[in-house]
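Enquirer: only geometry, no sequence info:
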């Protein structure tokens with residue numbers, strides 16, 4: 001792993017300060033017990049813009065100028081004040097399913113994962129000056145109006161408007177070889193194999209007494225074995241998935257009659273899986289039994305049921321008798337019949353084909369409307385997720401497009417076009433590290449040697 005450059009060295013390389021000035025700033029930092037950039041900006045030796053750009057270079061992430069921003073206080077309060085102060089984290093904007101946050105330590109995965117779990121959103125970290133975070137966090141939380149204006153916010157920003165100025169690495173190397181990232185008919189053709197699989201002809205529903213299939217999603221092997229053995233004793237077949245992505249694939253491929261779901265999972269949280277299932281017309285009737293060691297109390301359990309449409313909830317450690325009773329009750333419910341399943345699948349197929357054609361013609365509104373309906377019928381199609389992202393990108397909603405490109409990759413890990421387009425969007429928004437990560441994903445799934453060589457050259461120039 002490459003060692004991160006010191007911020008002083010970055011400023012010297014960029015010609016902002018010389019070595020003697022860096023040593024002087026370091027002495028001031030030690031005397032004042034502050035951070036290097038805070039001392040540099042406070043002394044006037046480095047401008048705030050230069051400091052923010054250096055942070056962007058160091059972390060490979062865009063930097064936020066909190067001194068000039070106008071923030072929605074509703075967004076700011078997504079994170080409680082005590083948590084914001086403890087971790088120096090400030091939500092600055094919502095964009096669809098994404099929450100943009102300013103942080104002093106934007107690579108703290110524990111904080112990012114907890115925030116994503118608490119908000120149910122994809123968190124995009126931005127770096128900000130330590131001194132500005134300590135100044136702005138209490139002021140923004142304490143604002144009595146709908147918007148907080150920072151001390152240096154431009155006067156031309158009208159009341160009721162957000163303004164979040166960001167800076168990126170403005171000296172990023174240009175691509176060694178241009179890689180086509182425009183969505184065209186060739187890209188849309190790539191979705192054909194997944195989106196247009198014909199749904200089998202309807203068959204009669206299975207008798208209520210017939211053996212059923214239960215999917216257990218649990219990353220703790222001992223608990224997974226206990227749950228599987230308990231349900232197996234009821235006379236049903238059991239599948240076990242230890243990771244969120246495996247669960248999504250099995251739900252689509254095997255169509256379980258019951259999902260027993262841990263709340264905390266690698267890659268995709270249990271709540272996200274449940275949301276996908278319950279918002280789907282095709283899978284929404286599948287009962288979900290959620291188990292968790294973190295969330296306790298009947299009131300919280302009722303909130304989880306109401307928010308995520310969980311059918312039953314058990315706290316860990318649970319009694320085997322309670323698990324057996326809850327599973328049996330949920331399995332006795334009537335799920336979607338095979339006829340309904342086939343009907344919804346074929347509807348999704350037709351809608352996806354129509355949306356694909358509309359996108360190729362440039363009819364974005366029509367494509368979006370059809371894709372919304374297709375996704376509700378088939379939420380686990382990588383191709384439909386790709387088409388949704390393509391439509392959002394054409395509507396200039398980059399972060400929402402990224403979200404759906406990443407969902408497509410979750411469902412189909414070797415989806416080259418999705419990885420390539422996500423990489424390009426991340427890079428266009430200043431997320432150099434995320435862009436490199438996605439280019440690497442695209443490299444592994446590139447369809448030809450020529451394309452692989454192009455991406456390798458591009459990654460070398462980027463890194």
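Expert: That came in fine, so what should we check first? Quick caveat: nothing in here was measured; it's all calculated off a predicted structure.

Enquirer: Tell me how this protein divides into domains.
Expert: Using automatic domain parsing, the domain parsing of the chain gives 1-46, 59-167, 185-195+339-462, 213-334.

Enquirer: and residue 245, what does it touch?
Expert: Going by CB atoms under 8 Å, 6 or more residues apart in numbering, residue 245 touches 267-268, 410-411, 413. Any C-beta I mention is one placed from the backbone N, CA and C, and that applies to glycine too.

Enquirer: Tell me how many other residues crowd the residue lying closest to residue 235 once chain neighbours are set aside.
Expert: Once flanking residues are discounted, residue 235 sits nearest to residue 211: 6.0 Å by CB to CB, 6 or more residues apart in numbering. Residue 211: 10 surrounding residues under other CB atoms under 10 Å.

Enquirer: nearest spatial neighbour of residue 101, skipping sequence neighbours?
Expert: Spatially, and ignoring its direct neighbours in sequence, residue 101 is nearest to residue 91 (5.1 Å; CB to CB, 6+ apart).

Enquirer: so who does that neighbour touch?
Expert: 75-76, 78-79, 99-102.

Enquirer: measure the most centrally placed residue in the chain to residue 406 for me?
Expert: The chain has residue 122 as the residue nearest its centroid, 3.5 Å off, counting by CA atoms, centre = their mean. The gap separating residue 122 from residue 406 is 8 Å, by CB to CB, to the nearest Å.

Enquirer: Over to residue 210?
Expert: Note on residue 210: its distance to residue 406, by CB to CB, is 38 Å.

Enquirer: And for the helix or strand encompassing residue 419, what's in contact with it?
Expert: Using DSSP states H and E, residue 419 sits in helix 416-428. Applying CB under 8 Å, 6+ apart, the contact partners of helix 416-428 are 172, 179, 181, 183, 187, 190, 382, 385-386, 389-390, 393, 398, 401-402, 405-406, 408-409, 412, 434-439, 441-442, 445-447, 462.

Enquirer: In helices, which of the residues you listed appear?
Expert: Among those, the ones falling in helices (DSSP state H) are 187, 190, 382, 385-386, 389-390, 393, 398, 401-402, 405-406, 408-409, 434-439, 441-442, 445, 462.

Enquirer: and the next element down the chain from the lengthiest helix in the chain?
Expert: If you go by DSSP H, the chain has its longest helix at helix 338-361. Sequence order places helix 364-377 as the next helix or strand after helix 338-361, per DSSP H and E.

Enquirer: Show me what counts as buried in that following helix.
Expert: 364, 366-371, 373-377 (16 or more other CB atoms under 10 Å).

Enquirer: which outside residues touch that helix?
Expert: For helix 364-377, the external contacting residues (CB under 8 Å, 6+ apart) are 279-282, 344-345, 347-348, 351-352, 354-356, 358-359, 381, 384-385, 387-388, 391, 394-395.

Enquirer: List only buried entries from those residues.
Expert: In the contacts of helix 364-377, burial by neighbour count holds for 280-282, 344-345, 347-348, 351-352, 354-356, 358-359, 381, 384-385, 387-388, 391, counting by 16+ other CB under 10 Å.

Enquirer: before we move on, the earlier item: what angle separates the longest helix of the chain from helix 364-377?
Expert: Interaxial angle, helix 338-361 versus helix 364-377 (axes from the mean of the first three to the mean of the last three CA atoms, to 10 degrees): 160 degrees.

Enquirer: can you give me how far helix 338-361 is from the chain middle?
Expert: Mean-position distance between helix 338-361 and its chain equals 26 Å (CA atoms, centre = their mean, to the nearest Å).

Enquirer: which helices and strands sit right next to that helix?
Expert: When contacts are defined as 3 or more CB pairs under 8 Å, 6 or more residues apart in numbering; DSSP states H and E, helix 338-361 packs onto helix 185-190, helix 192-195, helix 364-377, helix 382-394.

Enquirer: Next, format the ones you listed as a markdown table and append mean pLDDT.
Expert: Listed next are the helices and strands packed on helix 338-361 as a markdown table, based on pLDDT from 0 to 100:
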| stretch | mean pLDDT |
| --- | --- |
| helix 185-190 | 44 |
| helix 192-195 | 43 |
| helix 364-377 | 89 |
| helix 382-394 | 90 |
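
Enquirer: what's the closest non-adjacent residue to residue 404?
Expert: Per CB to CB, 6+ apart, closest to residue 404 is residue 389, 3.7 Å.

Enquirer: Next up, the contacts around that neighbour.
Expert: Here residue 389 is in contact with 400-405, 408, 418, 421-422 (CB under 8 Å, 6+ apart).

Enquirer: Among the residues you listed, which one has the most neighbours?
Expert: residue 418 (32 neighbours).

Enquirer: Just the pLDDT for that one.
Expert: Predicted confidence (pLDDT) for residue 418: 92.

Enquirer: do the same with residue 38
Expert: pLDDT for residue 38: 87.

Enquirer: For it, what is the enclosing helix or strand?
Expert: In this assignment (DSSP H and E), residue 38 forms part of helix 36-42.

Enquirer: who touches that helix?
Expert: So helix 36-42 is contacted by 7-8, 11, 17, 25-26, 28-29, 32, 34, 46-48, 51, 54-55, 129-131 (CB under 8 Å, 6+ apart).

Enquirer: low-scoring pLDDT stretches of the stretch 1-150 of the chain, where are they?
Expert: Along the stretch 1-150 of the chain, the parts satisfying pLDDT under 70 run over 1-4, 117.

Enquirer: about what we covered before: please check the contacts of residue 245 and keep the buried ones.
Expert: Neighbour counting with 16+ other CB under 10 Å marks 268, 410-411 as buried within the contacts of residue 245.

Enquirer: Can you tell me which of those residues is nearest residue 325?
Expert: residue 268 (28.1 Å; CB to CB).

Enquirer: pretty sure the closest one is in a helix, no?
Expert: No: counting by DSSP: H, G, I helix; E, B strand; the rest coil, one finds residue 268 to be coil, located in no helix.

Enquirer: Okay, it and residue 247: tell me how far apart.
Expert: Per CB to CB, residue 268 is found 7 Å from residue 247.

Enquirer: Next: residue 379.
Expert: For residue 379, the distance to residue 247 (CB to CB) stands at 13 Å.

Enquirer: Repeat that for residue 87.
Expert: Distance from residue 87 to residue 247, by CB to CB: 30 Å.

Enquirer: do residue 13 as well
Expert: For residue 13, the distance to residue 247 - CB to CB - is 46 Å.

Enquirer: which one of those two has more residues nearby?
Expert: Set side by side, residue 13 and residue 247 show more neighbours around residue 247, with 28 against 12, by other CB under 10 Å.

Enquirer: what angle separates the helix or strand hosting that one from helix 382-394?
Expert: Element membership of residue 247, judged by DSSP H and E, is helix 244-254. Helix 244-254 and helix 382-394 meet at an angle of 120 degrees, taking the same axes, to 10 degrees as the criterion.

Enquirer: Cheers, nothing more for now.
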